[in-house]
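In: Provide a 3D model corresponding to the input given below.
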Amino acid sequence: MKRERRLKAGNEAERIDMQIRQARRESNVVNQQEKNVEIEKAKAEANLENALNRLSTSYEMTFEYAKNQKVEQDNEEAKKRVLQLRNEINSLGNINLEAPEQYAQVNERFDFLTHQKADLINAKNKILEAIDEMDEIMVKQLKESFDAINAQLNDEFRKLFGGGKASLTLVDPNDILNTGIDIHVQPPGKNIQNLTLLSGGEKSLVAICVLFSILRACTMPLCVFDEVEAALDTANVERFAKYISHFKDGSQFIVVTHRPGTMEQCDALYGVTMKQKGVSSLLKVQLSEAMSYIDNNEVKS
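Out: As a prediction, this is how the structure comes out:
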């Protein structure tokens, strides 16, 4: 009996020992699985942290915002689009942190220049309008003056030449401000087709006729003639000098001349003499007083 009980107890102890070993093996498997789970958990947490950091740094989005922007899209197409956008971003180059300040300066300069340009264009338009207005006035006044002078020229020509005819014509009547003026004259007894066929004295007398026609059309308080009659012969010099007296009521004349015929018709003579070498002095002679002085001397004689 004891032997059977001992044998039975040994078998039971062996069975329990086997169960303990099996339980240990199973415990080791569970412990290994727990470690693997911990490792996978750590990897997942690390991947999640990396993904959140990438979402923040690369795309500047939070997880909550990105979750709300979720769209159904093919992964391959999304990757291509991301690669394309990255290449475009890289092609922009380095970020200029001073760009906002530089933009503000350039924009301020641009606004200033734009305002200046607008002011210049406005001023230009006003100047052009003023020029157009002045051109209209000048065209009107020049045409009126031309017609008035032309109306007087023939009479002045006939008086100084003793006959004949003269007139003025515009080379281009459609462009009065830039046109030239032709003088057509026909002295008595001559048929002149070109002014170049006139003698020097005749040309001078024609010019004098134009001057007197201008004085007739527009009276001037003071006129200065500088040897205008230098090319005239003696008879025409005297005629010119006497004709000036017709304008005395409206104009005063200063005539620079060396011709005796002109001097004889003047009211006063002014001359420059040099009594001493290097010292000039001005002489004035009133012809009326000189004539009275001569008459008195003749009476006394």
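
In: all helices for the stretch 201-301 of the chain, in order.
Out: 234-244, 260-263, 287-300 (DSSP state H, counting those that start in this stretch).

In: where among these is the average confidence lowest?
Out: Looking at these, the lowest mean pLDDT belongs to helix 287-300 (a mean of 62).

In: which sections of the stretch 101-250 of the chain are below the confidence cut-off?
Out: For the stretch 101-250 of the chain, the stretches flagged by pLDDT under 70 are 193.

In: can you map out the strands along it?
Out: Secondary structure of the stretch 101-250 of the chain (DSSP state E, counting those that start in this stretch): strands at 165-170, 181-186, 222-226.

In: keeping just the C-alphas, turn stretch 210-230 into CSV.
Out: Extracted in CSV, the C-alpha atoms of stretch 210-230 (Å, rounded to 0.1, in the frame of the first residue of the first chain):
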residue,chain,number,x,y,z
VAL,A,210,7.0,147.5,-95.4
LEU,A,211,8.2,149.2,-92.3
PHE,A,212,6.0,152.2,-92.9
SER,A,213,3.1,149.9,-93.6
ILE,A,214,3.6,148.3,-90.2
LEU,A,215,3.6,151.7,-88.6
ARG,A,216,0.4,152.6,-90.4
ALA,A,217,-1.3,149.4,-89.2
CYS,A,218,0.1,149.5,-85.7
THR,A,219,1.4,152.8,-84.3
MET,A,220,4.6,152.5,-82.2
PRO,A,221,5.7,155.2,-79.7
LEU,A,222,9.4,154.8,-80.5
CYS,A,223,11.2,153.5,-83.7
VAL,A,224,14.9,153.1,-84.2
PHE,A,225,16.2,153.1,-87.8
ASP,A,226,19.9,152.1,-88.2
GLU,A,227,21.1,153.3,-91.6
VAL,A,228,18.0,151.9,-93.4
GLU,A,229,18.5,154.4,-96.2
ALA,A,230,22.3,153.7,-96.7
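
In: off-centre distance for that stretch?
Out: Taking CA atoms, centre = their mean, to the nearest Å, the mean C-alpha location of stretch 210-230 is offset from the chain mean by 41 Å.

In: give the buried residues for that stretch.
Out: Within stretch 210-230, the residues scored as buried using 16 or more other CB atoms under 10 Å are 210, 212-217, 223, 225, 228-229. (C-beta placed from N, C-alpha, C; glycine too.)

In: farthest-apart pair in these, please.
Out: Using CB to CB, the two most remote members of the buried residues of stretch 210-230 are 217 and 229, lying 21.5 Å apart.

In: which residue comes closest to residue 224 once chain neighbours are left out?
Out: Excluding its sequence neighbours, the residue lying closest to residue 224 (CB to CB, 6 or more residues apart in numbering) is residue 254, at 4.8 Å.

In: which ones are touching that neighbour?
Out: 222-225 (CB atoms under 8 Å, 6 or more residues apart in numbering).

In: could you measure from it over to residue 122?
Out: As defined by CB to CB, to the nearest Å, residue 254 lies at a distance of 48 Å from residue 122.

In: can you say which of the strands of the stretch 101-250 of the chain is nearest to residue 285?
Out: Closest among the strands of the stretch 101-250 of the chain, using CB to CB: strand 222-226, at 19.0 Å.

In: brilliant, that's me finished.
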